[in-house]
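Enquirer: below: sequence and its predicted model.
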Amino acid sequence: MGIRLHKEPDLVKPVMIASWPGIGNIGIIAVDTLRTTMEAEEFGEIEPWDFFYPKRVLIKKGELKELEFPYSKFYFKKALGKDLLFFVGEEQPSDGGRAYAEGRKAYQIANLVLDVAQKFGCRRIYTSGAAVAPIHHAVKSKVWAVPNAEHLISEVKNYPNTILMSDIESREGQGNITGLNGLLLGIAGRRGIEAICVMGEIPIYLQGLPIPYPKASRVVLEVLSAALGIRIEIEKLNGFIDHSEKEIERLYDKFPPEIKEQLDKLKHVSYSKPTEPGPITEDDKKRILEDIDKLFRKETKED
């Protein structure tokens, strides 16, 4: 188990941006778009053997030739006045077979990512994921942010279209960041590394569907662009967003009229704290999600 570096770039106080797959793949779409747009160069990886099962095998003429594992790769870019490190994980390791990292493997891989960050003098880390919110897919997502140090709060408040997660999940200052995006934030804090998680909102009724939500990835990219002080060609996502929106609308049109009537109320919501009365109750949410799950299961069987 360990890190394999193909080269050691000469970097000056780089910033690392890291992400793994999650709800709507919001974070990984944003980070991978930034990485490819900036033409970052691969320079290392985390060896997969102790973290993942093979996702497929390569067979030629009846003989097993190779095992293919999920990748966990490092990239770098020496930009004008801003050196960047990227970490992109294709899958989150989990001891329990769940979608999100937990247990011993999660801590090990988070620490390996941070080992590389510290080796190259990384001064800050951004992670990115999804924020499940009571919004409608027709409205623009906001970005929820969580820093791991108090002195970062004032900076985060100045990011465009961004709210502190503590102002949203107002339950005595508590919230939840699932998987490695949150874990990396906490371990980085223990190592004395600044870290900020930026999460794009996804409608609550889309959280369980296997549909990417690049619309939220775009707003995450806008925040990263402002935070890093670099120009990002966000327009590259437009085609992907159009395709995703058409797929969501196709499914939305199949919702029962009474469900659509409830969800359409979310188009006009402007919220700051979930404790305020909302257009749909918790019981409504539960019933809506159950109906959507039944609808999706039915459509899957028909397909």
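Expert: In hand now; what should we look at?
Enquirer: could you export stretch 135-144 as CSV, CA atoms only?
Expert: Extracted in CSV, the C-alpha atoms of stretch 135-144 (Å, rounded to 0.1, in the frame of the first residue of the first chain):
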residue,chain,number,x,y,z
ILE,A,135,-34.8,23.7,-4.3
HIS,A,136,-36.3,23.1,-7.7
HIS,A,137,-34.1,22.0,-10.7
ALA,A,138,-35.3,25.1,-12.6
VAL,A,139,-33.5,27.5,-10.3
LYS,A,140,-29.8,28.2,-10.0
SER,A,141,-28.0,26.2,-7.3
LYS,A,142,-26.1,28.0,-4.5
VAL,A,143,-22.8,26.7,-3.1
TRP,A,144,-22.6,25.6,0.5
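Enquirer: skipping its backbone neighbours, what lies nearest Tyr53 in space?
Expert: Phe69 (7.9 Å; Cβ to Cβ, 6 or more residues apart in numbering). Yep, even glycine has a C-beta here, placed from its N, CA and C like the rest.
Enquirer: tell me the contacts of the one you found?
Expert: 48-49, 52-55 (Cβ atoms under 8 Å, 6 or more residues apart in numbering).
Enquirer: out of these, who has the most neighbours?
Expert: Pro48 (21 neighbours; other Cβ atoms under 10 Å).
Enquirer: quick one: Gly103 and Ser94 touch, right?
Expert: Yes. In this structure, Gly103 is within contact of Ser94 by Cβ atoms under 8 Å, at 6.6 Å.
Enquirer: compare the two (neighbour count), which wins?
Expert: Neighbour tally, Gly103 and Ser94, criterion other Cβ under 10 Å: the higher count belongs to Ser94, 18 against 12.
Enquirer: gap between that one and Ile23?
Expert: Counting by Cβ to Cβ, to the nearest Å, the gap from Ser94 to Ile23 is 15 Å.
Enquirer: returning to that earlier point: how much space separates the residue nearest to Tyr53 from Gly89?
Expert: To Gly89, Phe69 is 12 Å away according to Cβ to Cβ.
Enquirer: kindly report the same for Lys105.
Expert: Per Cβ to Cβ, Lys105 is found 12 Å from Gly89.
Enquirer: let me see the ranges of the helices in the stretch 1-150 of the chain.
Expert: 26-37, 103-119 (DSSP state H, counting those that start in this stretch).
Enquirer: buried ones in stretch 106-117, by neighbour count?
Expert: Within stretch 106-117, the residues that qualify as buried are 106, 108-110, 112-114, 116-117, counting by 16 or more other Cβ atoms under 10 Å.
Enquirer: just how off-centre is it within its chain?
Expert: 17 Å (Cα atoms, centre = their mean, to the nearest Å).
Enquirer: can you check stretch 153-173 too?
Expert: Its chain's average C-alpha position is 17 Å from that of stretch 153-173, according to Cα atoms, centre = their mean.
Enquirer: could you number the chain from 21 rather than 1 from now on?
Expert: With the count now opening at 21, the last piece we talked about shows up as stretch 173-193.
Enquirer: remind me which residues of this protein are low pLDDT?
Expert: 21, 85, 115-122, 189-196, 289-323 (pLDDT under 70).
Enquirer: where along it do the strands fall?
Expert: 23-25, 35-39, 61-66, 76-80, 83-88, 92-99, 102-109, 144-153, 163-167, 182-184, 214-223 (DSSP state E).
Enquirer: among the ones you listed, which is nearest Ile231?
Expert: With Cβ to Cβ as the measure, strand 214-223 is the member of the strands of the chain nearest Ile231 (9.7 Å).
Enquirer: contacts only, for Leu244.
Expert: 37, 50, 54, 146, 148, 218, 252.
Enquirer: can I get these in a markdown table with neighbour count?
Expert: Shown next, in a markdown table, are the contacts of Leu244 (neighbours: other Cβ atoms under 10 Å):
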| residue | neighbour count |
| --- | --- |
| Ile37 | 26 |
| Ala50 | 30 |
| Leu54 | 27 |
| Tyr146 | 27 |
| Ser148 | 29 |
| Val218 | 29 |
| Ile252 | 19 |
